[in-house]
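In: when you get a sec, could you give me coordinates for this:
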Amino acid sequence: MITPGIIDLTYFKDLIGKDNPVILDIGCNDGSHTMKFLELFNEAKVYSFEPDSRAIERYRNKVKDKRAKLFDIAISDIDGTTEFYVSGTNPDSDLPESPPENSEDLLEKVPEGWEGLREKLSQGWDESGSIRKPKLHLQVYPWCTFNEKIEVKTKKLDTWCQEEEIQFIDLIWADVQGAEINLIKGGSTALKHTHYFYTEYSDLELYEGQINLKELLELLPDFELLYRYSDNVLLKNKRKGQN
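Out: As a prediction, the model looks like this:
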């Protein structure tokens with residue numbers, strides 16, 4: 001069953017049940033969710049990941065808290081580099097007057113709601129970039145363009161955890177634009193030590209090779225579905241209690 005609306009981040013306060021969680025904000029963009037997690041948990045450690053230089057600049061202007069640390073990489077299934085498809089806005093495309101269907105994921109990114117989203121779209125859009133080539137995204141969101149490719153650094157989640165000596169993750173908050181399979185394949189060990197996993201999904205192949213929800217859940221047999229929203233799911237590790 002699909003739960004209407006989007007998740008209230010304050011729900012994680014009781015769900016996680018401690019004031020010093022380790023949280024990974026993968027695909028953090030400008031750090032809006034990072035800031036919310038820092039507000040919710042006084043002793044949180046939030047590790048943020050973002051490969052788009054435009055978003056990185058906005059993140060650094062917004063997030064000044066020493067409890068958060070930014071990594072300018074894309075989490076993937078390889079350690080190295082890859083092409084990143086940079087998103088933008090088509091100036092010749094008319095923006096709809098009201099939210100289109102299946103736009104909850106977009107509205108979630110802009111606290112000001114649809115009017116705030118329209119304003120942001122008119123200024124350019126940096127929240128749909130991906131290490132996977134856009135496919136149906138071009139038809140579903142015709143105002144969003146991918147006219148540029150850049151090379152970005154990539155790292156497997158397992159590699160990153162080893163380097164940073166992260167042994168337990170309370171929450172992964174993932175917004176990786178169709179690259180969920182890359183995250184999962186590169187983080188098989190890390191996910192065994194992750195309590196909650198919140199991620200976008202789509203049953204449309206918005207990006208080439210993007211897995212649907214059924215395929216995503218099949219890759220995560222140790223996780224159970226807590227909540228399904230129209231564009232996101234919250235999963236709990238069945239084998240992991242809190243540390």
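In: what ranges does the protein have for its strands?
Out: Secondary structure of the chain (DSSP state E): strands at 22-26, 45-49, 68-71, 74-76, 80-89, 144-156, 169-174, 194-200, 223-228, 232-237.
In: quick one: strands adjacent to the first one?
Out: Its sheet considered, strand 22-26 pairs with strand 45-49 (parallel), strand 169-174 (parallel) by DSSP bridges.
In: centroid residue for this protein?
Out: Asp175 (1.4 Å; CA atoms, centre = their mean).
In: could you check the pLDDT of that one?
Out: The model reports Asp175 with a pLDDT of 97.
In: next one: the one 4 residues further on
Out: According to the model's per-residue confidence, Ala179 sits at a pLDDT of 98.
In: what sits against it?
Out: Ala179 makes contacts with 74-76, 130-132, 207, 210, as judged by CB atoms under 8 Å, 6 or more residues apart in numbering. In this view, the C-beta of every residue, glycine as well, is placed from N, C-alpha and C.
In: can you do 10 Å?
Out: Applying CB atoms under 10 Å, 6 or more residues apart in numbering to Ala179 gives the contacts 26-27, 74-77, 82, 130-132, 154, 186, 200, 207, 209-211.
In: just the buried ones from those residues, in PyMOL syntax?
Out: To isolate the buried members of the contacts of Ala179 in PyMOL, using 16 or more other CB atoms under 10 Å:
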select buried, resi 26+27+74+75+76+77+82+130+131+132+154+186+200+207+210+211
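In: Ser87 and Asn42, how far apart?
Out: Note on Ser87: its distance to Asn42, by CB to CB, to the nearest Å, is 35 Å.
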